[in-house]
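Undergrad: when you get a sec, could you give me coordinates for this:
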Amino acid sequence: MKKVLIAVDETKGSKSVLSVFDNMVKPPDEVILLHVEQLEGKSLMTAMLGDAELSTLKEALKGTEHKEALDRKADEILAFYKKELEHGGLISIKTIVREGNPVDEILRVAEEEGVELIITGGNEKKTLDRLITGRVSRTVERSAKVPVLIAKNKAVRGKRGVGKTPAGLKLRESY
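TA: Just a heads-up that it's a prediction; the model follows:
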């Protein structure tokens, strides 16, 4: 396997990708770490925004404190995962930050980068949470052209335990 895309965020379920990745038989030649900033928040309204509305929102947020905070958070998240993967011996790690719908961006980056596997974290959600925020991992799994490995939250244990997050980076329970 040459390239693997690992989609990450600040959730505890996302953290499980590290232990699953550690247990892969053969490490890939390159890992692409992707974090998608959701400018519009996490609600039922998200699915109703089209490309034109998202483009307008992106333009309106440029240079604002909110956008700068999102960028800082993305940098912290990617730095954490990159450091953990480097600690495990990986050398070729590319980090990417995108804005928009996580499913669309994960699928787009997977195609652009020519990855052979997508790894995402998965969380057990309550029914109401699932209706409101959607299920990114499952939608990616159904829509991807390559295999998708969903690392369940329960897999977080061992040498990459939950307690190793950087100061200020709080892990959420769901995506």
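
Undergrad: give the contact list for Ile6.
TA: 17, 21, 31-34, 81, 118-120 (C-beta atoms under 8 Å, 6 or more residues apart in numbering). In this view, the C-beta of every residue, glycine as well, is placed from N, C-alpha and C.

Undergrad: could you count how many residues lie near Ile150?
TA: The number of residues packed near Ile150 is 21, by other C-beta atoms under 10 Å.

Undergrad: the helix or strand encompassing Ser16 packs against which elements?
TA: Per DSSP states H and E: Ser16 is located in helix 12-22. In terms of contacts (3 or more C-beta pairs under 8 Å, 6 or more residues apart in numbering; DSSP states H and E), helix 12-22 is packed against strand 3-7, helix 65-87, strand 117-122, strand 148-152.

Undergrad: show me what counts as buried in stretch 91-106.
TA: 93, 95-106 (16 or more other C-beta atoms under 10 Å).

Undergrad: adding distance to Val8, write those out as CSV.
TA: Shown next, in CSV, are those (distance: C-beta to C-beta, whole Å):
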residue, distance to Val8
Ile93, 12
Thr95, 10
Ile96, 11
Val97, 11
Arg98, 12
Glu99, 15
Gly100, 16
Asn101, 16
Pro102, 11
Val103, 15
Asp104, 17
Glu105, 12
Ile106, 10
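
Undergrad: show me the two of those residues that sit farthest apart.
TA: Greatest spacing in the buried residues of stretch 91-106, by C-beta to C-beta: Ile93 and Asn101 (24.3 Å).

Undergrad: quick check: pLDDT value at Arg160.
TA: Per-residue confidence (pLDDT) for Arg160: 45.

Undergrad: what does Gly121 give?
TA: 86.

Undergrad: any idea how far the closest residue to it other than its chain neighbours lies from Tyr81?
TA: Among residues not flanking Gly121 along the chain, Ser14 sits closest, at 3.4 Å (C-beta to C-beta, 6 or more residues apart in numbering). Going from Ser14 to Tyr81 by C-beta to C-beta, to the nearest Å gives 8 Å.

Undergrad: output stretch 99-109 as PDB - backbone C-alpha positions only.
TA: C-alpha atoms of stretch 99-109 as PDB (Å, rounded to 0.1, in the frame of the first residue of the first chain):
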ATOM      1  CA  GLU A  99     -13.100  23.900   4.500                       C
ATOM      2  CA  GLY A 100     -16.600  22.700   4.000                       C
ATOM      3  CA  ASN A 101     -18.500  19.500   4.200                       C
ATOM      4  CA  PRO A 102     -16.300  16.800   5.800                       C
ATOM      5  CA  VAL A 103     -17.700  13.900   3.600                       C
ATOM      6  CA  ASP A 104     -17.200  15.900   0.400                       C
ATOM      7  CA  GLU A 105     -13.700  17.000   1.300                       C
ATOM      8  CA  ILE A 106     -12.500  13.600   2.500                       C
ATOM      9  CA  LEU A 107     -13.700  12.000  -0.800                       C
ATOM     10  CA  ARG A 108     -12.200  14.800  -2.800                       C
ATOM     11  CA  VAL A 109      -8.800  14.600  -1.100                       C
END
